[in-house]
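**Student:** sequence plus the predicted model coming up.
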2 protein chains.
Amino acid sequence: MNAPHQPMPSAGVLSRFAAIVGAKHAITNPVEQHSYLVEMRGLYHGRTPMVLRPGSVAEVAQILTLACESGTPIVPQGGNTGLVGAQVPHEGGAEIVLSLTRLNRIREVDPSSSTMTCEAGVVLQKAQDAAAAVDRLFPLSLGAEGSCTIGGNLSTNAGGTGALAYGIARDLALGLEVVLADGRVWNGLNKLKKDNTGYDLKNLFIGAEGTLGVITAAVLKLFPRPRALETAFVGISSPDAAVALLNLAEERAGGTVTSFELMPRLGIDFVLQHASGTRDPLAGAHPWYVLIELSSPATSGLHAIMEELLSAALERGVIEDAVLAESLDQAKAFRHLRHMLAEVQSREGGSIKHDVSVPVPRVPEFVAEASRAAERLVPGCRPLPFGHLGDGNVHFNVSQPIGADTAQFLARWEEMNAVVHAIVVKFAGSISAEHGIGQLKRALLPAVKDPVALDLMRTLKRTLDPKNILNPGKVL
Amino acid sequence: MNAPHQPMPSAGVLSRFAAIVGAKHAITNPVEQHSYLVEMRGLYHGRTPMVLRPGSVAEVAQILTLACESGTPIVPQGGNTGLVGAQVPHEGGAEIVLSLTRLNRIREVDPSSSTMTCEAGVVLQKAQDAAAAVDRLFPLSLGAEGSCTIGGNLSTNAGGTGALAYGIARDLALGLEVVLADGRVWNGLNKLKKDNTGYDLKNLFIGAEGTLGVITAAVLKLFPRPRALETAFVGISSPDAAVALLNLAEERAGGTVTSFELMPRLGIDFVLQHASGTRDPLAGAHPWYVLIELSSPATSGLHAIMEELLSAALERGVIEDAVLAESLDQAKAFRHLRHMLAEVQSREGGSIKHDVSVPVPRVPEFVAEASRAAERLVPGCRPLPFGHLGDGNVHFNVSQPIGADTAQFLARWEEMNAVVHAIVVKFAGSISAEHGIGQLKRALLPAVKDPVALDLMRTLKRTLDPKNILNPGKVL
């Protein structure tokens, strides 16, 4: 992706930026800048004249005002855990990095209204902990939760493992505070569940990857903490059977189904082989597996619901076998099998990854067709599709053939992407279910997006950021 | 409210509009136009040169193309049940009424993906029935469901009685099809739960009351049908106790609480006096009442959850008394008391109404302060606040003093509104929780809305409808 052609800010402008936050928080030393310029997968290495670390919303507003006036491009950054390169500047780019990590106050935890008001730089795990401290649940949960931030979660509309029951990041924000491209601050920090006084502005900024405004704070929804938990590990014959089981679970236990994860036998084999202390919960082998978790704030009744569900599924031939966790330790062991899936793939060589979604009932067809296509492209490769079946979200990862050259296999990344994404589009799916567009998928967008939608997006970008200073060259 | 100053379309332009839909569906006869020009409360009487009844999305697109080219203003209309005058043209206005009622096809019901694709003119009850026919629930439910339409529900972001558990209209749409101000059609009819490929466009059009685009179809979410239902009628001492009970219910039965309605003793008195065949479910009198409904797709366990909840509430002194419905008939009788509340007020003379919301924990303070202020303004008036406590949504209605002159009391409508809305604003609430802005509350908006939000709204309106042809003079 080309860097946008913008002039480097002058020394005079840079010193004005530095004066806003103080010299200590205006980083120009390349060594100190390093961690803001590379991302975790090492796909992008950016450059910047200055990293700014404002300590207040007022400072963010002053920075944007000066950026607008001077035409200086800005890259907002949270915990720098994004997977599509949205949060790092371009190579040789003139963008200033605006790190929100010092805006890390939890302004309020209000259990009575089941809300929490967090600044953009609050680390997700801190937000979860603050909710737990008042006996509430903040359900957003994902791998990077120890370092990703609320601002980044909202700007990328993060998904994660709680989405089936509690929704994606977009669903978890009641109100926002946003600094606009011209430095004005929109205070939309409301706690209301119902407010029909005008257009929905909040959802414009959520998922916009910092290209329409800078989210500085949010009112987040809290939920009652689950008191009952039932976890089952289920052996099934096919993804079709998994969809049937999901439908049955939603009928019998809708609202309490908080996890529904699909895994292929190959994935379980990888885990059992490479992850120490793991064991197969079921006696026989099955082609596919589902991890179901039911949870509820009610203390009684859930065990019976899970037993009824599994009995009905066995009777109808929907499942082959199942085991219900008898203790919290056993439940943890079941979840561990699922969590290790992503990690153990690296022990089997290179893996080409896709974060896609299709309508839930089409997941089986998609998995079958994409697997065949991958095997046609690279004979002997090993498709390992797994993920959040209840959201139609498949991590369609493909492991290299046994004994093949890893570099040679990974060199076919884009070719493999093209083949898989073409099938996603055929099934009316999305080529980015959770991670966003950023730099990584920007060039792919015109091919998969409705042209009117793309034009509306460009119109909104020009309207809200006429000088193209907010994260230029990302998304659009 | 002043009509926008736009010239009447010429006879030539009108005949081109008529040609698009055919003479039969281009109504110019005032008698046939009548039902499109008045609304149910009789607050607004509009005029129009022509009512157009297109039969397809292509015809809607042609109408908007011609409207854009000729600068003709358009008022989109569904079932004409809106309560703020958004759906009727201005008096002496030059606007053409675009009735969407012939776009009444249910394009698809897809139980496997739990979605349904409805055109804008599908009546809400028909949509509910189509979902029920495949053993699913479409949970949007409101008084006008026999005549309001899906397009109107989405354009006004309807709330209704199912919002606590299932969300408002905005939460129930996965995808939209929208005709833009220039006649282009945006096809955003996706069924995906997760799609992070760009800006959220859907929520711009939902709740915009037809001022940013014309919604022609939507993909709606379906839910499992409840199999178990528990209904309780509870006597309590105060709204504070009701909030405590709500918190307890969400802790103990979160996810299954599908109704939580607050009612004052005065309301129950009105119902028992004026609605035949009603009886007080509880032996003693209580200052306030709550109707709780739990429902669940699971067949077992719910009765125990409700019993546990009520026992805990009694033990802690949160409630004074409660009765659990022993049959479906009894549950229906409990609900009937709540449903009759709005109707029986007319039997006690004039009633000044407010559809407002405040953060849930502030409902008690709001009710107390607004009641005192109303009584100060009109001594002897009888505040009757009731509604969806779980959503913070209070229908703060005020009945006239006993024996007072009804017309004289109703003449103070705007004065009473001003007093109540000032208290709503003080509590960070919304002066329109469910009904929207339309013509009725347009003049109030600048006083209650964040100025940056209002400016963003104006900017979006100018961008998406530069010729101001979509429902001009509504909302903004």
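**Tutor:** On my side now, so go ahead. Numbering: from 1, shown residues only, chains lettered A, B, ... in the order given.
**Student:** in the stretch 201-350 of chain A, which spans are helices?
**Tutor:** A:202-205, A:239-253, A:265-274, A:302-315, A:328-344 (DSSP state H, counting those that start in this stretch).
**Student:** what mean pLDDT does the first one have?
**Tutor:** Going back to what we said before, that points to helix A:202-205. Averaged across helix A:202-205, pLDDT comes to 98.
**Student:** say whether chain B is contacted by it.
**Tutor:** Yes. Using Cβ under 8 Å from any Cβ of the partner chain, helix A:202-205 reaches chain B at A:202, A:203, A:204. In this view, the C-beta of every residue, glycine as well, is placed from N, C-alpha and C.
**Student:** tell me which of those is nearest to chain B?
**Tutor:** Closest to chain B out of the residues of helix A:202-205 next to chain B is residue A:203 (3.9 Å), distances taken as Cβ to the nearest Cβ.
**Student:** for the closest one, give its distance to residue B:157.
**Tutor:** 12 Å (Cβ to Cβ, to the nearest Å).
**Student:** got the phi and psi for the most centrally placed residue in chain A?
**Tutor:** For chain A, the residue nearest the mean C-alpha position is residue A:158 (3.5 Å; Cα atoms, centre = their mean). Per-residue torsions, residue A:158: phi -60, psi 150 (degrees, to the nearest 10).
**Student:** buried sites along stretch A:463-476?
**Tutor:** Residues of stretch A:463-476 classed as buried: A:463-465, A:467-476 (neighbour count, 16 or more other Cβ atoms under 10 Å in any protein chain shown).
**Student:** need the max-distance pair from those residues.
**Tutor:** Between any two of the buried residues of stretch A:463-476, the greatest separation by Cβ to Cβ is 18.3 Å, found for A:463 and A:473.
**Student:** so who does the residue nearest to residue A:319 when sequence neighbours are not counted touch?
**Tutor:** The spatially closest residue to residue A:319, leaving aside those adjacent along the chain, is residue A:313, at 4.5 Å (Cβ to Cβ, 6 or more residues apart in numbering or on different chains). Residue A:313 makes contact with A:234, A:245, A:248, A:319, A:322, according to Cβ atoms under 8 Å, 6 or more residues apart in numbering or on different chains.
**Student:** thought the first one was touching residue A:319?
**Tutor:** Which is residue A:234. Yes. In this structure, residue A:234 is within contact of residue A:319 by Cβ atoms under 8 Å, at 5.2 Å.
**Student:** joint contacts of these two?
**Tutor:** Counting by Cβ under 8 Å, 6+ apart, the common neighbours of residue A:234 and residue A:319 are A:245, A:290, A:310, A:313.
**Student:** wait, isn't the first one in contact with residue A:235?
**Tutor:** It refers to residue A:245. No. With contact defined as Cβ under 8 Å, residue A:245 and residue A:235 do not form a contacting pair (10.9 Å).
**Student:** shared neighbours, these two?
**Tutor:** Residues touching both residue A:245 and residue A:235 by Cβ under 8 Å, 6+ apart: residue A:319.
**Student:** and the stretch 201-350 of chain A, which residues reach chain B?
**Tutor:** Checking the stretch 201-350 of chain A against chain B by Cβ under 8 Å from any Cβ, the hits are A:201-204, A:206-208, A:212, A:223-224, A:243, A:247, A:250-256, A:296-302, A:304-305, A:308.
**Student:** quick one: buried residues of whichever strand or helix holds residue A:36?
**Tutor:** Residue A:36 belongs to helix A:30-37 when assigned by DSSP states H and E. For helix A:30-37, burial by neighbour count (16+ other Cβ under 10 Å) applies to A:33, A:36, A:37.
**Student:** now the element after that helix, going C-ward?
**Tutor:** Next along from helix A:30-37, by DSSP H and E: strand A:51-52.
**Student:** which strands and helices sit next to that following strand?
**Tutor:** Here strand A:51-52 touches helix A:11-21, strand A:26-27, helix A:30-37, strand A:96-99, going by 3 or more Cβ pairs under 8 Å, 6 or more residues apart in numbering or on different chains; DSSP states H and E.
**Student:** next SSE downstream of it?
**Tutor:** helix A:57-70.
**Student:** just give me the neighbour total for residue A:199.
**Tutor:** 26 (other Cβ atoms under 10 Å in any protein chain shown).
**Student:** what's it in contact with, if anything?
**Tutor:** Taking Cβ under 8 Å, 6+ apart as the criterion, residue A:199 is in contact with B:204, B:207, B:208, B:212, B:456, B:457, B:460, B:475.
**Student:** if we can go back for a sec, and residue B:152, which of the helices and strands packed on strand A:51-52 is closest to it?
**Tutor:** Across those, closest to residue B:152 is strand A:96-99 (Cβ to Cβ), at 42.1 Å.
**Student:** need the contact partners of the closest one.
**Tutor:** For strand A:96-99, contacts defined as Cβ under 8 Å, 6+ apart pick out A:9, A:17, A:33, A:36-37, A:46, A:48-54, A:60, A:63, A:67, A:72-77, A:88-89, A:121, A:214.
**Student:** nice, that's everything, thank you.
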